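Trainee: prediction below, plus the sequence it came from.
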Amino acid sequence: MSESDVQEGHRFPAPEQLAAQANVGADVYAEAERDRLAFWESAARRLSWAQEWDQVLDWSNPPFAKWFVGGKLNIAYNCVDRHVEDGHGEQVAYHWEGEPGDTRTITYAQLKDEVCKAANALLELGVQAGDRVAVYMPMIPEAVVAMLACARIGAVHMVVFGGFSSDALASRITDSGAVVVVTSDGGYRRGAPSALKPAVDEAVARTDSVRNVLVVRRTEQDVEWTEGRDLWWHDVVDRQSTEHTPEAFDAEHPLYIMYTSGTTAKPKGILHTSGGYLTQVAYSHWASFDLKPDTDVFWTSADIGWVTGHSYIVYGPLANRATSIMYEGTPETPHRGRWFEIIEKYGVTILYTAPTVIRTFMKWGEDVPAGFDLSSLRVLGSVGEPINPEAWLWYHKNIGGGRCPIVDTWWQTETGAHMINPLPGVTDLKPGSAQTPFPGISAKVVDDEGNELGDDTTGLLVLTEPWPSMLRTIWGDDDRYVDTYWSRFGTEVYFAGDGAKKDDDGDIWLLGRVDDVMNVSGHRISTTEVESSLVAHPAVAEAAVVGASDPTTGQGIVAFVILRGSAEDSGDELVQTLRTHVARDIGPIAKPRQIMVVQELPKTRSGKIMRRLLRDIAENRELGDVTTLTDSSVMNLIKDKLPANSSSED
Ligand code: WTA
């Protein structure tokens with residue numbers, strides 16, 4: 001990478017051949033501008049509806065939106081059956097690759113049979129439309145089958161990332177009232193089987209809504225068994241009929257709940273519904289990646305436990321009849337070239353991943369990708385956090401061979417689908433900027449009062465028109481839905497929680513969260529959630545947590561703790577105990593990178609912890625303004641406690 005490449009202003013025009021054959025051209029923006037609702041209506045017509053809608057959007061009671069009012073469809077039918085009926089049953093839906101090297105190839109016809117069998121099994125277990133089903137799974141095909149089986153019968157899936165603790169699972173089961181949990185004995189991670197069933201056993205013991213636990217056999221680990229409650233997937237699903245007639249559900253029928261961190265300790269159950277969600281994930285997947293169903297091999301490297309997995313491993317790709325890759329394990333198992341080996345083996349043409357992974361590859365060096373044939377790639381994607389220009393250029397050169405556009409997609413669990421991103425056959429790319437609101441999306445940068453800001457001024461990102469795949473509410477908490485997203489600037493303006501600015505060309509640059517949410521390796525973790533976990537430990541009296549910038553993970557979790565007088569130890573051992581405690585309590589992704597034991601925390605006169613100052617310390621910066629502190633000597637006390645470099649790796 002040359003110096004001039006990273007200079008502000010360097011553009012990467014859309015490759016000519018791609019632009020000539022792209023699914024969408026520049027005119028799409030004007031079309032959507034002319035009539036936003038007609039644009040989304042034509043996107044909805046890419047799906048198969050059992051009944052037409054009477055009204056595209058009902059926004060008469062903001063912020064509660066209804067899209068495609070009166071329309072009916074079956075999501076699983078749209079993702080699977082219709083492709084089989086159209087003669088594409090033999091097309092591969094998923095090339096699945098297990099971490100140990102075992103593989104499975106699943107065609108659309110096979111997927112249809114599996115989904116029907118699982119749907120029949122759920123019905124046999126008494127699951128009805130509207131019931132919630134928890135899915136706590138490794139990255140195996142049955143995770144997708146379980147999700148689609150729920151969608152098929154109108155049950156609401158609630159997938160919990162397999163890396164979350166039993167506590168996190170229990171609170172999500174309780175909040176959603178799940179009646180069945182689908183899980184597995186375990187999955188493979190870093191070369192070894194990693195158990196899942198014990199966490200389910202612990203979680204279910206502390207909840208009272210779950211009737212059955214359906215267990216897929218993957219690792220053949222020993223599992224505890226509760227007779228009457230636990231059932232093997234192969235016992236119950238395999239004997240079912242491969243026929244199941246899909247029922248059409250209302251466009252606003254709930255499809256899934258996905259919990260995400262907010263600014264308080266209690267995660268929010270983001271609710272997505274059917275017609276609008278599938279319309280936008282399918283259309284965006286097709287337009288943002290220029291997906292060609294007959295020739296592309298598409299790979300989203302995320303886990304199914306996150307929204308990226310829901311929208312761009314499951315619903316978008318299947319609705320578009322894509323052939324996708326699904327990989328169970330970690331990038332460095334059994335060697336650092338594993339991903340590149342998969343790209344070469346399956347001829348992957350589109351890769352969608354996260355900046356933190358790119359930066360890890362950068363650390364490992366360009367020799368690793370250079371050892372594989374990556375010439376099949378034609379479009380690259382990025383999601384999860386801003387991609388810094390250095391990582392963008394490295395990705396472009398060393399993975400994309402200098403020829404693949406990089407589509408940096410800004411969106412959220414709440415938005416359901418891409419909201420701000422370039423289009424690969426249209427946009428002149430600018431490394432580091434997500435650039436342009438998606439066609440049919442209206443995004444602005446405003447000040448604290450909601451006034452739109454001029455170029456190059458940092459402000460808050462808002463969305464000023466409803467969109468089809470928007471969240472409909474927070475499960476069971478309409479008030480929190482309104483308060484969190486639609487109160488700062490009135491009930492018709494969505495507050496995203498991200499800082500942003502527009503440059504002289506009107507391109508949007510995302511600048512990270514403006515609330516107490518950290519972004520660690522693209523995962524949202526709330527500072528308050530980690531703080532409550534720390535103070536729940538008997539040794540801790542008070543805790544303050546900040547996200548400090550980190551060269552690989554974007555942000556790293558740094559905690560400052562004040563110990564109780566009764567705590568016997570304040571040394572390294574306790575710090576390790578506390579880190580493990582948080583990892584156990586929330587999940588390994590929430591394990592603090594660093595914990596500092598301090599005597600006091602900097603507070604404003606009104607008693608609010610000044611996280612900004614703590615972040616300065618954690619990042620070893622000059623301290624910012626300390627004039628509003630109750631006692632500015634507190635900062636010196638804290639600084640004196642700091643070892644020269646106290647970060648710990650693992
Ligand atoms: C951040 C993941 C900059 C942002 C799909 C957002 C990004 C939060 C980008 C949502 C991007 C995601 N550029 N920031 N391309 N993508 N973010 O809900 O702060 O896990 O609010 O959804 O991640 O994270 P979530």
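Mentor: That came through, no problem.
Trainee: how would you label V182: helix, strand or coil?
Mentor: Each residue gets one of three states, and V182 gets strand by DSSP: H, G, I helix; E, B strand; the rest coil.
Trainee: so what pLDDT did it get?
Mentor: The model reports V182 with a pLDDT of 98.
Trainee: partner residues bridging it?
Mentor: Following DSSP bridges, V182 is listed with bridge partners V135, L214.
Trainee: now do the same contact list for it.
Mentor: Taking Cβ atoms under 8 Å, 6 or more residues apart in numbering, we find V182 in contact with V133, A134, V135, Y136, M137, E142, A146, V213, L214, V216, W233. (C-beta placed from N, C-alpha, C; glycine too.)
Trainee: tell me how far it lies from E220.
Mentor: Look at V182 and E220: by Cβ to Cβ, to the nearest Å, they are 18 Å apart.
Trainee: please apply the same query to A30.
Mentor: Distance of A30 to E220, computed by Cβ to Cβ: 57 Å.
Trainee: M419 now?
Mentor: Noted for M419: a distance of 43 Å to E220, by Cβ to Cβ.
Trainee: looking at the two, which is more packed in?
Mentor: More neighbours surround M419 than the other of M419 and E220, with 27 against 9 (other Cβ atoms under 10 Å).
Trainee: verify the stated contact: that one with P437.
Mentor: Yes - using Cβ atoms under 8 Å, M419 is in contact with P437, at 6.8 Å.
Trainee: what is the burial count for S288?
Mentor: S288, neighbours per other Cβ under 10 Å, totals 26.
Trainee: can you pull the contacts of it?
Mentor: Contacts here follow Cβ under 8 Å, 6+ apart; on that basis S288 touches G381, V407, T409, H418, N421, L423, P424, F438.
Trainee: of all these, which comes closest to C79?
Mentor: Of all those, C79 sits closest to H418, with 18.3 Å by Cβ to Cβ.
Trainee: what residues are up against the residue of the stretch 351-500 of the chain at minimum distance from the ligand?
Mentor: Proximity to the ligand, evaluated over the stretch 351-500 of the chain using Cβ to the nearest ligand atom, is greatest for T413 at 3.4 Å. By Cβ under 8 Å, 6+ apart, the contact list for T413 reads M258, T260, I270, W306, V307, L471, R524.
Trainee: where does this structure come near the ligand, residue by residue?
Mentor: Listed as neighbours of the ligand in the chain under the rule Cβ under 6 Å from any ligand atom: 260, 306-308, 382-386, 408-413, 434, 496-498, 510, 513, 519, 524.
Trainee: return the distance of the helix or strand hosting Y94 from the chain's centre.
Mentor: Using DSSP states H and E, the element containing Y94 is strand 92-97. Taking Cα atoms, centre = their mean, to the nearest Å, the mean C-alpha location of strand 92-97 is offset from the chain mean by 21 Å.
Trainee: what does that strand rub up against?
Mentor: Outside strand 92-97, the residues that touch it by Cβ under 8 Å, 6+ apart are 80, 103-108, 110-111, 140-141, 144, 297, 318, 322-328, 342, 346.
Trainee: so after it, what's the next helix or strand?
Mentor: Once strand 92-97 ends, the next helix or strand along the chain (criterion: DSSP H and E) is strand 103-107.
Trainee: packing partners for that following strand?
Mentor: Packing partners of strand 103-107 (3 or more Cβ pairs under 8 Å, 6 or more residues apart in numbering; DSSP states H and E): strand 92-97.
Trainee: perfect, that will be all.
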